[in-house]
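A structural model of the following input is requested.
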Amino acid sequence: MPYNFVWGCGGANSDIAGYFAGGLTVNSVPYQNTVWKVNFSNDAVTNSLAVLPAGLHQAWASGSSTNAYFMGGNSGPLLTTVNNMLYANETVSANPGSLLVATALGSAINSPSAVYFC
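Numbering: from 1, shown residues only. Below is the predicted model of the structure:
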């Protein structure tokens, strides 16, 4: 990651790479909308092509075999947003669904075909 320290970001992974999104840096840069990619074959960290629609931190994340989901978080107010990133082309779109309650610091697990969160 390009900063010394980023906290409050959510993470998910495919078979070949991991992705961290959002967060807050120690140098007081506003909430991040960046998605960072960690390539498992060489441990290189780069900015992904994906960008979240808004900066946030304390989001939580999980993934299926094809998508990462970055959910909730804090961008000033707590959020109900679910952002969906397709691994194949690293694009982010708003998921048609949303969380029932605005929240940060939630939990998520996944199977190969579904994501469960609370």
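
which residues of this structure score low on pLDDT?
1-5, 27-29 (pLDDT under 70).

list the helices and strands the longest strand anywhere in it packs on?
Counting by DSSP state E, the longest strand found in the chain is strand 44-51. Packed against strand 44-51 by the contact rule (3 or more Cβ pairs under 8 Å, 6 or more residues apart in numbering; DSSP states H and E) you find strand 17-21, strand 34-39, strand 91-94. All C-beta spots, glycine's among them, are computed from the backbone N, C-alpha and C.

off-centre distance for the first one?
Put simply, strand 17-21 sits 7 Å off its chain's centre (Cα atoms, centre = their mean, to the nearest Å).

got the angle for it vs strand 44-51?
60 degrees (axes from the mean of the first three to the mean of the last three Cα atoms, to 10 degrees).

strands along this protein, start to end?
6-7, 10-13, 17-21, 24-25, 34-39, 44-51, 60-63, 67-71, 82-86, 91-94, 108-110, 115-117.

and the second one, which strands flank it?
Next to strand 10-13 in the sheet, as set by DSSP bridges, lie strand 17-21 (antiparallel).

show me what the partner strand is in contact with.
1, 6, 9-13, 32, 34-40, 48, 50, 52, 59, 61, 63, 68, 70, 83, 85, 87 (Cβ atoms under 8 Å, 6 or more residues apart in numbering).

buried among these? Make that a PyMOL selection.
Under the burial definition 16 or more other Cβ atoms under 10 Å, those of the contacts of strand 17-21 that qualify are selected in PyMOL by:
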select buried, resi 1+6+9+10+11+12+13+32+34+35+36+37+38+48+50+52+59+61+63+68+70+83+85+87
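
buried stuff in the longest strand of the chain?
Neighbour counts over strand 44-51 (16+ other Cβ under 10 Å) mark 48, 50-51 as buried.

hmm, back to that, compare the helices and strands packed on strand 44-51 and give me the one nearest residue 77.
When the helices and strands packed on strand 44-51 are compared by Cβ to Cβ, strand 91-94 sits nearest residue 77, at 16.5 Å.

tabulate the CA atom coordinates of that closest one in PDB.
Listed next in PDB are the C-alpha coordinates belonging to strand 91-94 (Å, rounded to 0.1, in the frame of the first residue of the first chain):
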ATOM      1  CA  THR A  91     -14.600  -2.900 -11.800                       C
ATOM      2  CA  VAL A  92     -16.800  -1.800  -8.900                       C
ATOM      3  CA  SER A  93     -20.600  -1.300  -9.100                       C
ATOM      4  CA  ALA A  94     -23.200  -0.700  -6.400                       C
END
